[in-house]
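A.B. asks: structure for this input, please:
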Amino acid sequence: MESWLAQLALLQGLPAYALLFALLFSCGIGAPMNEDIVLLAAAALTLTGVMEPAALIAVAWFGLVLGDALVFHWGRRLGPRLFATRWIARIVPPERLAGAQQRVRRGGPATIFVIRFMPGIRTLLFFAAGTLKLRYRTLFFYDGLAAAIELPLLVYGVRFVGGRWQQIMAWVQQFQLWLLGAVALLVAAWLMRRWRKSGTKATPR
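C.D. replies: Numbers count the residues shown, from 1 in each chain. Below is the predicted model of the structure:
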């Protein structure tokens with residue numbers, strides 16, 4: 001990964017954006033690279049003039065969303081039978097896929113928004129969402145919205161702190177935790193409200 005980032009720093013113009021797109025797309029389909037580090041490195045390059053913030057955000061948005069969409073498409077077309085093959089089952093046991101499906105099913109379509117802020121398990125969760133036959137427009141709406149929020153915060157956050165990666169990475173992790181906590185509270189409140197309504201309807205008059 002370090003060699004790719006070094007190569008990214010040496011490029012200018014269209015080749016730099018093309019490499020960034022390829023790296024982020026690869027991250028989205030499960031390549032062993034840290035997506036957040038790639039984004040932070042690219043954002044730091046806006047301080048040296050290698051990339052422009054607006055262009056970086058646009059290219060990164062397409063790279064992230066299209067990578068997620070391909071994994072989602074694999075889930076819709078191939079489904080759990082892909083994980084039934086022996087070599088994939090060793091990497092991702094079927095019960096782990098079932099757990100991911102349950103998590104998406106429990107949260108509903110809006111879970112797609114939350115998945116974008118969940119490093120480490122994003123690819124599996126997007127695949128699981130595809131196996132549940134969610135609509136493509138649901139994926140593009142929620143995932144696209146989440147990426148549109150995440151990317152400007154990352155890029156301009158790095159520019160604000162002058163490229164000090166450790167500080168901005170700590171901030172990103174804190175942001176993710178706060179966002180997930182807020183979403184969890186909203187989902188809990190919605191479930192509680194739904195439970196109360198169902199209980200009221202079930203009570204005989």
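A.B. asks: lowest-confidence helix or strand of the protein?
C.D. replies: Of all helical and strand segments in the chain, the minimum by mean pLDDT, DSSP states H and E falls on helix 165-202, at a mean of 59.
A.B. asks: which non-adjacent residue is nearest the spatially most central residue of the chain?
C.D. replies: Nearest to the mean C-alpha position of the chain, counting by CA atoms, centre = their mean, stands R116 at 2.5 Å. Distances taken as CB to CB, 6 or more residues apart in numbering place A146 nearest to R116, at 3.6 Å, with adjacent residues excluded. Backbone N, C-alpha and C define where each C-beta goes, glycine included.
A.B. asks: pretty sure the one you found contacts F117?
C.D. replies: Yes. Using CB atoms under 8 Å, A146 is in contact with F117, at 6.6 Å.
A.B. asks: over to L145: give its phi and psi.
C.D. replies: The phi/psi pair for L145 (degrees, to the nearest 10) reads phi -60, psi -40.
A.B. asks: and for P109?
C.D. replies: Main-chain dihedrals, P109, degrees, to the nearest 10: phi -60, psi -30.
A.B. asks: who's in contact with it?
C.D. replies: Neighbour list for P109: 134, 138, 142 [criterion: CB atoms under 8 Å, 6 or more residues apart in numbering].
A.B. asks: by neighbours, which of those residues wins?
C.D. replies: Tallying neighbours with other CB atoms under 10 Å puts L134 at the head of the contacts of P109, with 22 neighbours.
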